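[1] Below is the sequence, then the predicted model.
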Amino acid sequence: MTKRLVVLISGNGSNLQAILDACQSGELPASVVCVISNKADAFGLSRARNVGVEAVHFAKLANETRQEYDKRLSDYVTTKLPDYILLAGWMRILSSSFLSSFPNKVINLHPALPDTFPGTHAIERAYEAFQRGEIEHTGVMVHLVPDEGVDDGPVLATEIVPIHKDDTLETLETRVHQTEHHILVQTIKNLLTDKVRFHP
Ligand code: GAR
(Lines give C-alpha, C1' and ligand atoms only; values in the text may rest on other atoms or scores of the structure.)
Protein backbone atom coordinates (compact mmCIF):
# COMPACT_ATOMS: atom_id res chain seq x y z
CA MET A 1 0.00 0.00 0.00
CA THR A 2 1.21 3.49 -0.78
CA LYS A 3 2.70 5.06 2.34
CA ARG A 4 1.95 8.59 3.43
CA LEU A 5 4.80 11.05 3.97
CA VAL A 6 4.64 14.48 5.58
CA VAL A 7 7.71 16.63 4.89
CA LEU A 8 8.76 19.54 7.11
CA ILE A 9 11.02 22.16 5.56
CA SER A 10 12.34 25.65 6.23
CA GLY A 11 13.95 26.65 2.95
CA ASN A 12 15.00 25.65 -0.54
CA GLY A 13 13.57 22.15 -0.44
CA SER A 14 16.02 20.41 -2.77
CA ASN A 15 15.72 17.29 -0.61
CA LEU A 16 11.95 17.60 -0.71
CA GLN A 17 12.28 17.71 -4.51
CA ALA A 18 14.29 14.46 -4.47
CA ILE A 19 11.48 12.85 -2.43
CA LEU A 20 8.75 14.21 -4.71
CA ASP A 21 10.63 12.98 -7.79
CA ALA A 22 11.16 9.53 -6.27
CA CYS A 23 7.45 9.25 -5.41
CA GLN A 24 6.54 10.39 -8.91
CA SER A 25 8.88 7.91 -10.64
CA GLY A 26 7.71 5.02 -8.46
CA GLU A 27 11.13 4.58 -6.84
CA LEU A 28 9.41 5.26 -3.51
CA PRO A 29 6.15 3.38 -2.87
CA ALA A 30 4.82 6.49 -1.18
CA SER A 31 3.22 9.85 -1.71
CA VAL A 32 3.88 13.18 -0.06
CA VAL A 33 0.53 14.15 1.44
CA CYS A 34 1.57 17.48 2.92
CA VAL A 35 4.57 19.83 3.04
CA ILE A 36 4.83 22.18 6.00
CA SER A 37 7.21 25.10 6.43
CA ASN A 38 7.76 27.33 9.43
CA LYS A 39 8.95 30.02 6.98
CA ALA A 40 6.51 31.77 4.65
CA ASP A 41 9.08 32.29 1.89
CA ALA A 42 10.46 28.75 1.80
CA PHE A 43 10.94 27.85 -1.88
CA GLY A 44 10.05 24.25 -1.05
CA LEU A 45 6.41 25.32 -0.64
CA SER A 46 6.37 26.27 -4.34
CA ARG A 47 7.97 22.94 -5.25
CA ALA A 48 5.09 21.16 -3.50
CA ARG A 49 2.37 23.34 -5.02
CA ASN A 50 3.90 22.84 -8.49
CA VAL A 51 3.05 19.15 -8.29
CA GLY A 52 -0.31 19.57 -6.57
CA VAL A 53 0.82 18.66 -3.06
CA GLU A 54 -0.70 20.56 -0.13
CA ALA A 55 1.80 23.17 1.05
CA VAL A 56 1.26 24.92 4.36
CA HIS A 57 3.07 27.82 5.96
CA PHE A 58 2.63 26.93 9.63
CA ALA A 59 3.26 30.26 11.33
CA LYS A 60 3.88 30.70 15.03
CA LEU A 61 1.02 32.72 16.53
CA ALA A 62 1.60 35.79 18.68
CA ASN A 63 2.07 34.82 22.34
CA GLU A 64 2.17 31.12 21.45
CA THR A 65 4.76 29.14 23.41
CA ARG A 66 7.06 26.66 21.72
CA GLN A 67 5.12 23.79 23.31
CA GLU A 68 1.80 25.22 22.14
CA TYR A 69 3.12 25.61 18.60
CA ASP A 70 4.45 22.06 18.61
CA LYS A 71 1.15 20.68 19.93
CA ARG A 72 -0.82 22.55 17.27
CA LEU A 73 1.62 21.28 14.64
CA SER A 74 1.31 17.74 15.99
CA ASP A 75 -2.50 17.96 15.85
CA TYR A 76 -2.34 19.15 12.24
CA VAL A 77 0.17 16.51 11.14
CA THR A 78 -1.92 13.80 12.86
CA THR A 79 -4.85 14.63 10.57
CA LYS A 80 -2.62 13.65 7.62
CA LEU A 81 -2.23 10.06 8.94
CA PRO A 82 1.51 9.98 8.18
CA ASP A 83 3.56 6.80 8.08
CA TYR A 84 6.71 8.94 8.35
CA ILE A 85 7.49 12.60 9.01
CA LEU A 86 10.63 13.75 7.25
CA LEU A 87 12.62 16.72 8.48
CA ALA A 88 14.25 17.83 5.22
CA GLY A 89 15.94 21.08 6.15
CA TRP A 90 13.49 21.82 9.00
CA MET A 91 15.52 24.27 11.08
CA ARG A 92 13.50 24.28 14.28
CA ILE A 93 13.94 21.98 17.26
CA LEU A 94 10.83 19.91 17.93
CA SER A 95 9.85 19.40 21.56
CA SER A 96 8.17 16.38 23.10
CA SER A 97 4.84 18.16 22.55
CA PHE A 98 5.31 17.12 18.94
CA LEU A 99 7.59 14.09 19.14
CA SER A 100 5.56 12.14 21.70
CA SER A 101 2.78 11.78 19.13
CA PHE A 102 5.04 10.12 16.55
CA PRO A 103 7.44 7.61 18.11
CA ASN A 104 9.85 6.11 15.54
CA LYS A 105 8.20 8.10 12.78
CA VAL A 106 10.23 11.32 12.71
CA ILE A 107 13.32 11.16 10.49
CA ASN A 108 15.94 13.91 10.23
CA LEU A 109 18.55 14.57 7.56
CA HIS A 110 21.77 16.33 8.55
CA PRO A 111 24.71 17.37 6.34
CA ALA A 112 27.41 15.93 8.60
CA LEU A 113 28.42 12.65 10.18
CA PRO A 114 27.07 11.59 13.62
CA ASP A 115 28.39 13.69 16.50
CA THR A 116 29.95 16.25 14.19
CA PHE A 117 28.77 19.78 13.43
CA PRO A 118 25.21 19.65 14.83
CA GLY A 119 22.96 22.63 14.19
CA THR A 120 23.20 25.21 11.43
CA HIS A 121 25.97 25.84 8.85
CA ALA A 122 27.32 22.29 9.20
CA ILE A 123 28.87 22.19 5.72
CA GLU A 124 30.59 25.54 6.20
CA ARG A 125 31.96 24.46 9.57
CA ALA A 126 33.23 21.18 8.09
CA TYR A 127 34.88 23.11 5.25
CA GLU A 128 36.63 25.39 7.72
CA ALA A 129 37.71 22.44 9.88
CA PHE A 130 39.22 20.82 6.77
CA GLN A 131 41.14 24.04 6.00
CA ARG A 132 42.56 23.91 9.51
CA GLY A 133 43.62 20.28 8.98
CA GLU A 134 41.22 18.96 11.64
CA ILE A 135 39.20 16.60 9.42
CA GLU A 136 39.87 14.70 6.20
CA HIS A 137 36.28 14.26 5.07
CA THR A 138 32.73 15.05 6.07
CA GLY A 139 29.49 13.25 5.36
CA VAL A 140 25.75 13.11 5.74
CA MET A 141 23.42 11.17 7.98
CA VAL A 142 19.79 10.20 8.35
CA HIS A 143 18.55 9.46 11.85
CA LEU A 144 15.46 8.97 13.97
CA VAL A 145 14.43 11.87 16.18
CA PRO A 146 13.44 10.49 19.59
CA ASP A 147 13.88 13.67 21.61
CA GLU A 148 15.08 17.26 21.53
CA GLY A 149 18.73 16.40 20.91
CA VAL A 150 19.99 18.51 18.01
CA ASP A 151 20.83 16.39 14.97
CA ASP A 152 21.17 13.42 17.26
CA GLY A 153 19.37 10.10 17.52
CA PRO A 154 19.51 6.47 16.34
CA VAL A 155 21.37 6.49 13.04
CA LEU A 156 19.63 4.96 10.02
CA ALA A 157 22.29 5.71 7.40
CA THR A 158 25.53 7.59 6.92
CA GLU A 159 27.69 8.32 3.92
CA ILE A 160 31.15 9.86 3.81
CA VAL A 161 31.61 12.86 1.53
CA PRO A 162 35.22 13.55 0.51
CA ILE A 163 36.65 17.06 0.69
CA HIS A 164 39.22 17.94 -1.97
CA LYS A 165 42.07 20.41 -1.55
CA ASP A 166 40.76 22.54 -4.41
CA ASP A 167 37.18 22.57 -3.13
CA THR A 168 35.43 25.85 -2.60
CA LEU A 169 32.58 25.97 -0.10
CA GLU A 170 30.22 25.93 -3.09
CA THR A 171 31.70 22.79 -4.68
CA LEU A 172 31.62 21.03 -1.31
CA GLU A 173 28.01 22.10 -0.73
CA THR A 174 27.04 20.73 -4.14
CA ARG A 175 28.70 17.37 -3.38
CA VAL A 176 27.07 17.15 0.06
CA HIS A 177 23.62 17.98 -1.29
CA GLN A 178 23.93 15.41 -4.10
CA THR A 179 24.82 12.80 -1.49
CA GLU A 180 21.88 13.88 0.68
CA HIS A 181 19.37 13.54 -2.14
CA HIS A 182 20.51 9.99 -2.77
CA ILE A 183 20.87 8.80 0.85
CA LEU A 184 17.56 10.31 1.97
CA VAL A 185 15.55 8.61 -0.77
CA GLN A 186 17.39 5.32 -0.26
CA THR A 187 16.82 5.39 3.50
CA ILE A 188 13.11 6.13 3.12
CA LYS A 189 12.93 3.27 0.63
CA ASN A 190 14.63 0.95 3.10
CA LEU A 191 12.23 2.02 5.86
CA LEU A 192 9.19 1.53 3.68
CA THR A 193 10.36 -1.92 2.62
CA ASP A 194 11.56 -2.93 6.12
CA LYS A 195 15.19 -3.13 5.00
CA VAL A 196 16.61 -0.45 7.26
CA ARG A 197 19.65 -1.37 9.36
CA PHE A 198 20.06 0.28 12.74
CA HIS A 199 23.54 1.36 13.84
CA PRO A 200 23.40 1.30 17.66
C1 GAR B 1 20.13 20.19 3.99
O2 GAR B 1 21.53 20.24 3.77
C3 GAR B 1 19.83 19.50 5.31
O4 GAR B 1 20.68 18.42 5.59
C5 GAR B 1 20.05 20.64 6.27
O6 GAR B 1 19.39 21.72 5.65
C7 GAR B 1 19.59 21.59 4.23
C8 GAR B 1 18.27 21.81 3.54
O9 GAR B 1 18.45 21.86 2.15
N10 GAR B 1 19.55 20.34 7.58
C11 GAR B 1 20.20 20.68 8.67
O12 GAR B 1 21.20 21.34 8.68
C13 GAR B 1 19.56 20.19 9.96
N14 GAR B 1 20.38 20.54 11.06
P15 GAR B 1 17.21 21.80 1.19
O16 GAR B 1 16.20 22.81 1.72
O17 GAR B 1 17.72 22.20 -0.16
O18 GAR B 1 16.68 20.41 1.21
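    In hand now; what should we look at? Numbering: from 1, shown residues only.

[2] so what's the residue of the chain found nearest the ligand up against?
    Going by Cβ to the nearest ligand atom, the ligand is nearest to residue 89 of the chain, at 2.6 Å. Every residue, glycine included, has its C-beta placed from N, CA and C. Contacts for residue 89 (Cβ atoms under 8 Å, 6 or more residues apart in numbering) come out as 9, 10, 11, 12, 13, 15, 16, 44, 109.

[3] Would you mind checking these for buried ones?
    Neighbour counting by 16 or more other Cβ atoms under 10 Å classes 9, 10, 11, 13, 15, 16, 44, 109 among the contacts of residue 89 as buried.

[4] follow-up on the earlier one: a markdown table for the contacts of residue 89, including pLDDT?
    Output for these, formatted as a markdown table (pLDDT from 0 to 100):
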| residue | pLDDT |
| --- | --- |
| 9 | 98 |
| 10 | 98 |
| 11 | 97 |
| 12 | 98 |
| 13 | 98 |
| 15 | 98 |
| 16 | 98 |
| 44 | 98 |
| 109 | 98 |
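
[5] which stretches of this protein have low pLDDT?
    Per-residue confidence for the chain (pLDDT under 70) gives these ranges: 196-200.

[6] Quick check: longest helix in it by residues?
    helix 169-192 (DSSP state H).
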